[in-house]
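1. Structure of the sequence below:
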Amino acid sequence: MKPNAVFASIAATGQPTDLDIYQLVLSATGVVLGVLVLLAFFSVVSWYIIGYKYFYLKRAHSETHRFLDKFWNSKRLDAIYQTAEELKRSPISQVFKAGYIELSKIKKSEGSGGAWLGDMQSIERALERAQTSELTHLESMIPFLATTGSAAPFVGLFGTVWGIMNAFRAIGLKGAANLATVAPGIAEALIATAIGLMAAIPAVVAFNYFLRRVKVLHSEMDGFSNDFLNIIKRHFFK
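-> Residues are numbered from 1 along each chain as shown. Model (predicted):
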């Protein structure tokens, strides 16, 4: 393997190359360059997920509060269903829709005689399926942030180790070892670790933040399902 661009510059001019971070990144070659490209990919995708999930979960919380206000202030399930149709980002509204649709099917099949107590299980299963579906949707893409947070530092460390190894190899080929010779290669190698941390830290912070927001919504879905089942029992399963 040929010496990297940093050492080629030193060999040509006899002076150390500029240690500007931007220039060090541009001068990266081989494995170090591949590591930097991979870390840049992790970072770009992570920031996209952070932006998308932030606004999505913010809207989900807002629509959930609007739906709950309508649910507790309305006495007609069909009117609540219309509100649920409008607030599609609210996971609780989708859980309600699943329970309401199942209840409507039972009422139609039973006719004027009303629903039987055994049908409560089918409504409960419909609510559980809706909860699982909504939770899966809320958690989508978030695991990538955990992967970035755990893997990016090690990917960056690999690039650093490889770059330092290549730097010392170039020093051996030149037969000289002084600060002006060593510094550029070591600095270029350490860039990989720095970028790895820059990709990992926001991803870890965002992952913990989104996980907490999702847990709150999950808890609210559990509480709503229990309240909805109690209401159904009092009014339809006497």
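
2. Give me the number of neighbouring residues for Ile186.
-> Residues near Ile186, counting by other CB atoms under 10 Å, number 15. Placement of C-beta: from N, CA and C, glycine included.

3. confidence score at it?
-> pLDDT, Ile186: 77.

4. For it, pull up the helix or strand it's in.
-> Ile186 belongs to helix 179-236 when elements are defined using DSSP states H and E.

5. The residue nearest the centre of the chain - nearest residue in space that isn't next to it in sequence?
-> Nearest to the mean C-alpha position of the chain, counting by CA atoms, centre = their mean, stands Ile142 at 2.2 Å. In space, Ile142 comes closest to Phe210 once its chain neighbours are excluded; the distance is 5.2 Å by CB to CB, 6 or more residues apart in numbering.

6. cool, and Gly99?
-> Computed as CB to CB, 6+ apart, the closest residue to Gly99 that is not its neighbour in sequence is Leu127, at 4.9 Å.

7. on that earlier part again, please report how far the residue nearest to Ile142 lies from Leu127.
-> 24 Å (CB to CB, to the nearest Å).

8. One more: Ala60?
-> 18 Å.

9. Over to Tyr52?
-> Taking CB to CB, one finds Tyr52 at 28 Å from Leu127.

10. Give me the more crowded residue out of these two.
-> Between Tyr52 and Leu127, counting by other CB under 10 Å, Leu127 is the more crowded of the two (23 against 12).

11. I'd say that one and Leu229 touch.
-> Yes. In this structure, Leu127 is within contact of Leu229 by CB atoms under 8 Å, at 7.2 Å.

12. Point out where the chain drops to low pLDDT.
-> Residue ranges of the chain with pLDDT under 70: 1-29, 110-118, 174-184, 236-238.

13. picking that back up, please name every helix or strand in contact with the one helix or strand the residue nearest to Gly99 maps to.
-> Counting by DSSP H and E, the element that carries Leu127 is helix 120-139. Of the remaining helices and strands, those touching helix 120-139 by 3 or more CB pairs under 8 Å, 6 or more residues apart in numbering; DSSP states H and E are helix 91-110, helix 179-236.

14. For burial, what's the neighbour tally of Ala200?
-> When neighbours are counted by other CB under 10 Å, Ala200 registers 24.

15. Equivalent analysis for Phe154, please.
-> For Phe154, the count of nearby residues is 12 (other CB under 10 Å).

16. How about the contacts made by it?
-> Contacts for Phe154 (CB atoms under 8 Å, 6 or more residues apart in numbering) come out as Gly196.

17. next one: Trp72
-> Counted by CB under 8 Å, 6+ apart, Trp72 has zero contacts.

18. Which helix or strand contains it?
-> Using DSSP H and E, Trp72 maps to helix 30-73.

19. Summarise which helices and strands the helix or strand following that helix is packed against.
-> Later in the chain than helix 30-73, the nearest helix or strand by DSSP H and E is helix 77-86. Contact here means 3+ CB pairs under 8 Å, 6+ apart; on that basis helix 77-86 packs against helix 30-73, helix 91-110.
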